[in-house]
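Peer 1: below are the sequence and a predicted model for it; my questions follow.
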Amino acid sequence: MKIAGFKIEEWMNRYCPRAEYDLTTTCIAPLSVNDLPYSKEIFNVKLGYGDIEGSLRLKTAIKSLYETREIENITVTHGAIGANQLVFLSLLERGDEVVSIVPTYQQHYSIPESLGSRVKFYFLKEENKWLPDLAELDRVITSKTKLLCLNNPNNPTGSVIPDWMLEEIVKIARKKNVWILSDEVYRGLNLIGKPYSKSITDLYERGISVGSMSKTYSLPGLRVGWVVGREDLIKEINHQRQYNTISVSILDDYFASIALENRDFIARRNVEIMRSGVNVLKSWLEANPEFRCILPSGGTTVLLKYNYDIPSREYCRKLQNSTGVALLPGETMEMEGYARLGFCADNLGEALDRISKFKP
Ligand SMILES: Cc1ncc(COP(=O)(O)O)c(C=O)c1O
């Protein structure tokens, strides 16, 4: 299977290790094992494959994040990246039409393209606060569309689709019999209203939700994600999954269970880091009118518009070379003229100060 290069991964692998201030990050200060209330019993557990499709303890903890789904509606994967891939492999065939709401995580268009699907892009607009226009979306999705992909809260824009709008999107999908894959790795990180938005899988029988330990729970090193959806789809995913997963590590399964069972303290800590990042960003934007962005409603990133006539790859490369600050070029997310900024990064204020002093 031929597939396009994963542009953000290629950029980050090349530039982040050398950065003094890494603002490309999407994670909130990862936790250590010692931050979790684990039991020393775990050191006696034999490191076999464990429960192949995820332990009942882990699935029960995942189930508690949803309102309507049962254990049979859940499968455990290698991160959200494994979850997304398994959904595409299970659902799509050559020639299927897929609508992908962009900007988004590149998996949501490059994997369907690599499987021979016809991908239609629906671009979010800054003037709509990076939220979809429902009438336009209704036109883009047709009776030929098999799958709509969205990412809510959105990486990179930090927009969060309000629950009422999710329900309207479901109405559009339902009348055209379209599946919806909602990548919800940032679900639980809303800055406005309740921390958790509604999950698409609780709103729609063909709604497929992907989640993971990486962002909301600050444990990207555990490599645990999941898919929640209709039971027949989960069966199909488990069939595909036998070829690329076997099981997730028994240690990852255990620590993920503990973290989800104790998620309130992680949420409190993370919301504090997010709020302080947004405050720093807001004051900086007020003092530096040559930059603008829509402030985030959730997630961990924003799309920064810089007021220089220079392509984003060149801007980010020069910025990093002269200041040590790494930003992610918008071009790697099909958003030329912008750069992605992770507002939960360490030493954000100092990094922003360097950005404003730099003139390309
Ligand atoms: C929207 C989105 N989906 C999926 C992933 C992959 O997450 P994981 O680390 O859980 O595999 C990322 C990582 O940045 C992401 O931003």
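Peer 2: Alright, I've got the coordinates.
Peer 1: quick one: name the residues of the stretch 201-350 of the chain near the ligand.
Peer 2: Residues of the stretch 201-350 of the chain lying near the ligand by C-beta under 6 Å from any ligand atom: 212, 214, 220, 225. Using the backbone N, CA and C atoms, a C-beta is placed for each residue, glycine as well.
Peer 1: and the second one, which of the three is it?
Peer 2: Each residue gets one of three states, and residue 214 gets coil by DSSP: H, G, I helix; E, B strand; the rest coil.
Peer 1: the chain should start at 11 in everything you say after this.
Peer 2: I'll keep to 11 as the first residue from here, and by that count the last item is residue 224.
Peer 1: hmm, which two among the residues of the stretch 211-360 of the chain next to the ligand are most spread apart?
Peer 2: With distances taken as C-beta to C-beta, the most widely separated pair in these is 230 and 235, at 10.2 Å.
Peer 1: which residues do those two both contact?
Peer 2: Taking C-beta atoms under 8 Å, 6 or more residues apart in numbering as the contact rule, residue 230 and residue 235 both touch 89, 223-224.
Peer 1: return the member of these nearest to the ligand.
Peer 2: For the shared contacts of residue 230 and residue 235, the minimum distance to the ligand (C-beta to the nearest ligand atom) is 2.5 Å, reached by residue 89.
Peer 1: how close does the closest one get to residue 361?
Peer 2: Distance of residue 89 to residue 361, given as C-beta to C-beta, to the nearest Å: 27 Å.
Peer 1: compare neighbour counts for these two and give me the winner.
Peer 2: Set residue 89 next to residue 361 and count neighbours by other C-beta atoms under 10 Å: residue 361 wins out with 24 against 21.
Peer 1: what separation do you get for residue 335 and residue 318?
Peer 2: 15 Å.
Peer 1: who has more neighbours out of those two?
Peer 2: Shown here are residue 335 and residue 318; by other C-beta under 10 Å, residue 335 has more neighbours (24 against 15).
Peer 1: give me phi/psi at the more buried one?
Peer 2: Per-residue torsions, residue 335: phi -100, psi 130 (degrees, to the nearest 10).
Peer 1: got a list of what it touches?
Peer 2: 29-31, 33, 329, 361, 364-365, 368.
Peer 1: which one of those is nearest the ligand?
Peer 2: Nearest member of these to the ligand, counting by C-beta to the nearest ligand atom, is residue 33, at 14.1 Å.
Peer 1: picking up where we left off before, and the shared contacts of residue 230 and residue 235 as a markdown table, adding distance to residue 111 and pLDDT?
Peer 2: As requested, the shared contacts of residue 230 and residue 235 are exported to a markdown table (distance: C-beta to C-beta, whole Å; pLDDT from 0 to 100):
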| residue | distance to residue 111 | pLDDT |
| --- | --- | --- |
| 89 | 21 | 98 |
| 223 | 24 | 98 |
| 224 | 21 | 98 |
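Peer 1: TSV for those residues, including distance to residue 271?
Peer 2: Below are these laid out as TSV (distance: C-beta to C-beta, whole Å):
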residue	distance to residue 271
89	20
223	12
224	18
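Peer 1: tell me the domain boundaries of the protein?
Peer 2: Structural domains annotated on the chain: 17-41+274-367, 56-272, as defined by automatic domain parsing.
Peer 1: just confirm residue 190 is within a helix.
Peer 2: No. Per three-state DSSP, residue 190 lies outside any helix segment and is strand.
Peer 1: which of the contacts of residue 335 are buried? Put it as a PyMOL command.
Peer 2: Only the buried entries of the contacts of residue 335 go into this PyMOL selection, using 16 or more other C-beta atoms under 10 Å:
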select buried, resi 29+31+33+329+361+364+365+368
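Peer 1: take the contacts of residue 335 and keep only those in strands.
Peer 2: Mapping the contacts of residue 335 onto strands (DSSP state E) picks out residue 31.
Peer 1: where does the prediction get shaky in the protein?
Peer 2: For the chain, no stretch has pLDDT under 70.
Peer 1: against residue 63, how distant is the residue at minimal distance from the centre of it?
Peer 2: Nearest residue to the geometric centre of the chain (C-alpha atoms, centre = their mean): residue 195, 4.4 Å. Residue 195 is 20 Å from residue 63, where distance means C-beta to C-beta.
Peer 1: check residue 35 too.
Peer 2: For residue 35, the distance to residue 63 - C-beta to C-beta - is 31 Å.
Peer 1: same check, this time on residue 112
Peer 2: From residue 112 to residue 63 the distance is 32 Å (C-beta to C-beta).
Peer 1: surely the residue nearest to the centre of the chain and residue 220 touch.
Peer 2: Yes. If you go by C-beta atoms under 8 Å, residue 195 and residue 220 touch, sitting 6.8 Å apart.
Peer 1: overlap in contacts of those two?
Peer 2: The overlap between the contact sets of residue 195 and residue 220 (C-beta under 8 Å, 6+ apart) consists of 90, 235.
Peer 1: with adjacent residues omitted, what lies nearest to residue 95?
Peer 2: Nearest non-adjacent residue to residue 95, counting by C-beta to C-beta, 6 or more residues apart in numbering: residue 121, 6.1 Å away.
Peer 1: give me every residue that touches the one you found.
Peer 2: Shown in contact with residue 121 (C-beta under 8 Å, 6+ apart): 13, 94-95, 98.
Peer 1: filter those residues down to the buried ones, PyMOL style.
Peer 2: Command for PyMOL that selects the buried part of those, burial taken from 16+ other C-beta under 10 Å:
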select buried, resi 94+95+98
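Peer 1: how about the strands in the stretch 11-160 of the chain?
Peer 2: 31-32, 84-87, 107-112, 128-133, 155-161 (DSSP state E, counting those that start in this stretch).
Peer 1: and residue 211, which of these is closest to it?
Peer 2: Closest approach to residue 211 among the strands of the stretch 11-160 of the chain is made by strand 84-87 (9.6 Å; C-beta to C-beta).
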